[in-house]
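Novice: from the sequence below, what's the structure:
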Amino acid sequence: MTSRRILSLSGGFNFRDLGGYPTIGQSTVKWHKLVRSGYLTDLVDEDLKKLIDYGIDIVIDLRSESEVISYPDRLSEEIEYIKLPIFSQDQTESNISLEKIYQLYAKNSDGGFQKIMRSYRKLAIDRHAQRAYRHFFEILLKYGNKKGILFHCSAGKDRTGMCALLLLAALGVRMEDIRKDYMLTNVASVARVEWRISEAKKMQLGSNFISSVWDLATVRNEYFDQLIGILEYQYGGIIQYLKTEIGLTDVECKELRKIYLN
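Specialist: Presented below is the predicted three-dimensional model:
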C-alpha cells in the first residue's frame, strides 16, 4: 500500500495520499480526497496535470508569509489556493539555508534535534496554531463533499504532520497507523534529505553541522512522542484536545467521517 500512497512528482517531494487507513469503526479513509506534501514551488506542467487528474481541487498552504514569498507554490488556475499559516514564521526551520544552520547548530550535534523538539511543543500549545487548526477543519468540512484537498508546509513533515495527526485521529484512525503515516516522511523524502546532506558535506563544516541538517530534514519517533505526550498530559489526549482547544464538536466529527470514510 505504501507504493500506492506515495505520489511521484518530478518537481515535488513527500506527496502522500491519506487514503486506505483503517479506523477503529472498521471503515477506511477514502482515496483521492486528502493528500499531504512538501512545498509546490518546483512543480512542472506534468506534475500539475497529475494533481488535477488525481482529483486535487484545493491546496491549503500552511507556511508563513515569508516562506510563501520566498518559495511561492506553482499551481494551475484549476486549483483553488488557500493560505493558512500555522505560525507567523517557520518554527521548524525545515527550509532554512545551510549557511544559517551552520551559524545556529555547527557547535552542537543536538542543535537541530532540540530545535525541532521545542517547535513541536509550540505546535501543540500556540494559540495562533490552534486557531489555524480550527480553520483547517472548517475548510475540510466546507469543501470535502465535492473537492479533493492537498495540504502542505515546506517539507511536509511537521506542521503538515500535526494537521494529519489531528485529522486522522478525528476520523478514528488507530494511533499506530497515525505514527506510521508520520514516519513515512523519511521514505517519501529520501531524495530531498540526501541532497541536503550532500550539500552539507560539501561545506566541510563538521559532523555536528551534518547531524543538525539531518535532524531538521527528517522525522523521528522522539518528535512524535513529544507531541503525543503534550497532548495527553496537558490536554487529556488528542480527542479532548480537538474538543476543548480546537472546538471540534461531535456533530462535526460525525460529518468529517461521513465525508472522508468509506
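
Novice: show me the shaky parts of the stretch 151-262 of the chain.
Specialist: Residue ranges of the stretch 151-262 of the chain with pLDDT under 70: 205.

Novice: can you report how many residues lie near Thr28?
Specialist: Look at Thr28: counted by other Cβ atoms under 10 Å, it has 15 neighbours. For glycine as for every other residue, the C-beta is placed from the backbone atoms N, C-alpha and C.

Novice: now it: how far from Arg74?
Specialist: According to Cβ to Cβ, to the nearest Å, Thr28 and Arg74 sit 32 Å apart.

Novice: ok, Leu7 next?
Specialist: Distance of Leu7 to Arg74, given as Cβ to Cβ: 16 Å.

Novice: who has more neighbours, those two?
Specialist: Between Leu7 and Arg74, counted using other Cβ under 10 Å, the more crowded position is Leu7 (19 against 16).

Novice: can you tell me the closest non-neighbouring residue to the more buried one?
Specialist: Closest residue to Leu7 apart from its sequence neighbours, by Cβ to Cβ, 6 or more residues apart in numbering: Phe15 at 3.9 Å.

Novice: which ones are touching that neighbour?
Specialist: 6-9, 35-38, 156, 188 (Cβ atoms under 8 Å, 6 or more residues apart in numbering).

Novice: try 10 Å
Specialist: Phe15 sits next to 5-9, 35-38, 40, 43, 47, 50-51, 54, 56, 150, 152, 156, 188-189 when contact means Cβ atoms under 10 Å, 6 or more residues apart in numbering.

Novice: now list the buried members of those residues.
Specialist: 5-7, 9, 35-38, 40, 43, 47, 50-51, 54, 56, 150, 152, 156, 188-189 (16 or more other Cβ atoms under 10 Å).

Novice: can you show me the CA trace of the one helix or strand Ser66 maps to as CSV?
Specialist: Taking DSSP states H and E as the definition, Ser66 sits inside helix 65-70. Taking Å, rounded to 0.1, in the frame of the first residue of the first chain, the C-alpha atoms of helix 65-70 are listed here in CSV:
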residue,chain,number,x,y,z
GLU,A,65,4.0,34.6,4.7
SER,A,66,7.8,34.9,4.4
GLU,A,67,8.1,31.3,3.2
VAL,A,68,5.3,31.8,0.7
ILE,A,69,7.0,34.9,-0.7
SER,A,70,10.4,33.2,-1.0
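
Novice: and it, what's buried?
Specialist: 67-68.

Novice: use 678 as the first number from now on
Specialist: That works, and once the first residue is 678, the last one we named lands at helix 742-747.

Novice: who does it touch, helix- and strand-wise?
Specialist: strand 757-760 (3 or more Cβ pairs under 10 Å, 6 or more residues apart in numbering; DSSP states H and E).

Novice: can you give me the strands in the stretch 778-927 of the chain?
Specialist: Remark: strands assigned in the stretch 778-927 of the chain by DSSP state E, counting those that start in this stretch are 825-829.

Novice: give the rounded mean pLDDT of the strand or helix carrying Arg713.
Specialist: In the assignment (DSSP H and E), Arg713 maps to strand 711-714. Mean pLDDT, strand 711-714: 98.

Novice: chain center to that strand, what's the gap?
Specialist: 8 Å (Cα atoms, centre = their mean, to the nearest Å).
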